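Enquirer: here is my input; please provide its structure:
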Amino acid sequence: MQLPSLAFEPSEVHGAFVVLGTLAAVLVFFVEARRRRRLDDRLFIVLTGALVCGAVAAKLSTAWRYLAAAPDPTLLGALVYGGKSVLGGLAGAYFGAVATKRLIGYRAPTGDVFAPAVALGIGIGRFGCLLTEPPGTPTGLPWGVTVDAARAQLIPGFPPAWTGVPLHPSFVYEIAFHFAMLGVLLRLRRQPDLQGELFKVYLLAYASFRFLIEFVRGNEVVWAGLTRSQLFLIPSTLLLAGYFVRRARRQPPPLLPLEVRP
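Expert: Numbers count the residues shown, from 1 in each chain. Reported below is the predicted structural model:
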């Protein structure tokens, strides 16, 4: 299967899907907040802090690429041309929400409101990545996608040797994952023992999935056969897994029914 040709500049296509994903995420956030009866001005401030910090972190986490390539780097150039990182954006949004809540004294948990919104937003945004970035590494699987020479020239960093070669549609894998997680999160919100934990559940699932999908993404390997994203994900996944292990140990054992003797 060949990916469709681009009628606009890659940056415009990518930016359009990022905006669309952000708008969808904000809409779901407010719908979920209203459903939980938590919609107030302070929650809007928390959302703003998360969005701003997420956007800045997404840019800064890839600024090293711009600094290495630009002959005369500037802060404005890094923000405009430095690229974006979903992992950096997620980390920035998480700590932005936590910091904002502490600044304004908001104590109610917000992760359950953010989780389905973030899953939908990233799922939509990844369509932009599919259309404007190298889709993945070469594959012999029947669902591989190909990129023709004209389109390959529009994709920054696309290896010439991969032109016309079937490639893993790694972003399709991610899109399917995020949409599936949206459904899972909407079901898990009914579980009383996971109240306040849905965003951490989502982060742990995505960190594990993303670590594996990096092997077919085609990102630069920097150490021990691993990419920068994988090196970031190893401690992140361990911290999240450790959190749930400690949480499970703190949970009281289930009460057993009293045995009735005749």
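Enquirer: count of neighbours near V86?
Expert: Neighbourhood size, V86 [other Cβ atoms under 10 Å]: 18. From N, CA and C alone the C-beta is placed, and that goes for glycine too.
Enquirer: go on, P192?
Expert: Neighbour count of P192, defined by other Cβ under 10 Å: 5.
Enquirer: would you mind measuring from it to F211?
Expert: 30 Å (Cβ to Cβ, to the nearest Å).
Enquirer: again, but for L47
Expert: For L47, the distance to F211 equals 28 Å [Cβ to Cβ].
Enquirer: compare the two (neighbour count), which wins?
Expert: Between L47 and F211, counted using other Cβ under 10 Å, L47 has the larger neighbour count: 23 against 19.
Enquirer: which residue is the nearest non-sequential neighbour of that one?
Expert: Excluding the flanking residues, the one nearest L47 by Cβ to Cβ, 6 or more residues apart in numbering is F29, at 6.2 Å.
Enquirer: would you mind identifying the next helix or strand past the helix or strand hosting the one you found?
Expert: Assigned by DSSP states H and E, F29 belongs to helix 10-35. Next in sequence after helix 10-35, counting helices and strands by DSSP H and E, comes helix 41-60.
Enquirer: and that following helix, what does it pack against?
Expert: Applying 3 or more Cβ pairs under 8 Å, 6 or more residues apart in numbering; DSSP states H and E, we find helix 41-60 packed against helix 10-35, helix 75-81, helix 86-104.
Enquirer: what's it in contact with?
Expert: With contacts defined as Cβ atoms under 8 Å, 6 or more residues apart in numbering, helix 41-60 is touched by 22, 26, 29, 33, 78-79, 82-86, 88-97, 99-101, 103-104, 106, 110, 113-114.
Enquirer: which of those residues are buried?
Expert: Buried members of the contacts of helix 41-60, counted by 16 or more other Cβ atoms under 10 Å: 22, 29, 33, 78, 82-86, 88-94, 96-97, 100-101, 106, 110, 113-114.
Enquirer: from L130, how far out is the closest residue to K84 other than its chain neighbours?
Expert: Using Cβ to Cβ, 6+ apart and skipping residues adjacent in sequence, the residue nearest K84 is A58, 4.4 Å away. A58 sits 18 Å away from L130, going by Cβ to Cβ.
Enquirer: V28 is in contact with L120, isn't it?
Expert: Yes. Counting by Cβ atoms under 8 Å, L120 is a contact partner of V28 at 5.4 Å.
Enquirer: would you map the strands across the stretch 101-250 of the chain?
Expert: Using DSSP state E, counting those that start in this stretch, the strands of the stretch 101-250 of the chain run over residues 221-223, 226-227.
Enquirer: tabulate those strands (JSON lines), appending mean pLDDT and mean neighbour count.
Expert: Formatted as JSON lines, those follow (pLDDT from 0 to 100; neighbours: other Cβ atoms under 10 Å):
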{"stretch": "strand 221-223", "mean pLDDT": "91", "mean neighbour count": "11"}
{"stretch": "strand 226-227", "mean pLDDT": "94", "mean neighbour count": "18"}
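Enquirer: which of those sits closest to M181?
Expert: When the strands of the stretch 101-250 of the chain are compared by Cβ to Cβ, strand 226-227 sits nearest M181, at 21.9 Å.
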